[in-house]
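Visitor: Here's a sequence, model it:
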Amino acid sequence: MPALRLLLIAVLLAGCSRGTEAPPAAAPAADAPAPIPENVVIEEPATAQPMTMLYRCEGDAKVTVAMLDAESEKVAVTLPGEDAVELSQAPSASGARYVGDKLVFLGKGDEATFERDGKTVFSGCKLQAAAG
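Guide: Numbers count the residues shown, from 1 in each chain. Prediction:
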């Protein structure tokens with residue numbers, strides 16, 4: 001009788017231990033992205049740095065155009081001997097056009113023209129350097 005009792009206890013214990021096993025892990029779906037391990041750090045992509053361009057115009061005049069934001073919607077134009085003037089992007093049939101109260105910057109490719117009050121003040125400007 002004690003042997004039967006021991007056999008019964010062994011069977012019960014064996015049955016109980018089967019229920020505590022972890023189920024097999026489900027295979028990830030073929031198109032599902034792999035999970036990211038906890039120790040991986042995800043960094044945001046660096047934002048584009050605004051660019052500064054140097055133009056050399058007729059008469060050896062140097063004009064600086066600095067993009068004020070990564071989307072290039074605003075620029076700061078510095079004419080020789082003057083403070084920087086902020087201009088906003090405006091519609092253009094061709095190339096880039098930035099306008100302010102009195103100043104306009106027109107650029108196409110590596111060439112630019114600067115106008116004040118509707119009159120050209122610097123023309124024949126060629127892009128010399130760009131940094132950003």
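
Visitor: contacts and neighbour counts: CA atoms only from here.
Guide: OK.

Visitor: what's residue 53 in contact with, if anything?
Guide: Taking C-alpha atoms under 8 Å, 6 or more residues apart in numbering as the criterion, residue 53 is in contact with 64, 65, 66, 127, 128, 129, 130, 131.

Visitor: Residue 109 now?
Guide: residue 95.

Visitor: any idea how far it is from residue 86?
Guide: Note on residue 109: its distance to residue 86, by C-alpha to C-alpha, to the nearest Å, is 21 Å.

Visitor: Tell me where the longest strand sits in this structure.
Guide: strand 119-131 (DSSP state E).

Visitor: quick one: buried residues of that strand?
Guide: Applying a neighbour-count criterion of 16 or more other C-alpha atoms under 10 Å, the buried positions in strand 119-131 are 122, 123, 125, 126, 127.

Visitor: list the contacts for the third one?
Guide: The contact partners of residue 125, taken as C-alpha under 8 Å, 6+ apart, are 55, 56, 57, 58, 111, 112, 113.

Visitor: Out of these, which comes closest to residue 105?
Guide: Distance from residue 105 was checked for each of the contacts of residue 125 by C-alpha to C-alpha. The minimum falls on residue 113, at 6.1 Å.

Visitor: Skipping adjacent residues, who's closest to that closest one in space?
Guide: residue 123 (4.5 Å; C-alpha to C-alpha, 6 or more residues apart in numbering).

Visitor: Residue 114 is in contact with the one you found, correct?
Guide: Yes: using C-alpha atoms under 8 Å, residue 123 makes contact with residue 114 at a distance of 6.4 Å.

Visitor: Can you give me the neighbour number for the closest residue to residue 61 other than its chain neighbours?
Guide: Nearest non-adjacent residue to residue 61, counting by C-alpha to C-alpha, 6+ apart: residue 80, 6.7 Å away. Residues lying near residue 80 (other C-alpha atoms under 10 Å) number 11.

Visitor: now do the one 3 residues further on
Guide: Burial of residue 83 is recorded as 10 neighbouring residues (other C-alpha under 10 Å).

Visitor: So it versus residue 114, what's the distance?
Guide: Counting by C-alpha to C-alpha, the separation of residue 83 from residue 114 is 15 Å.
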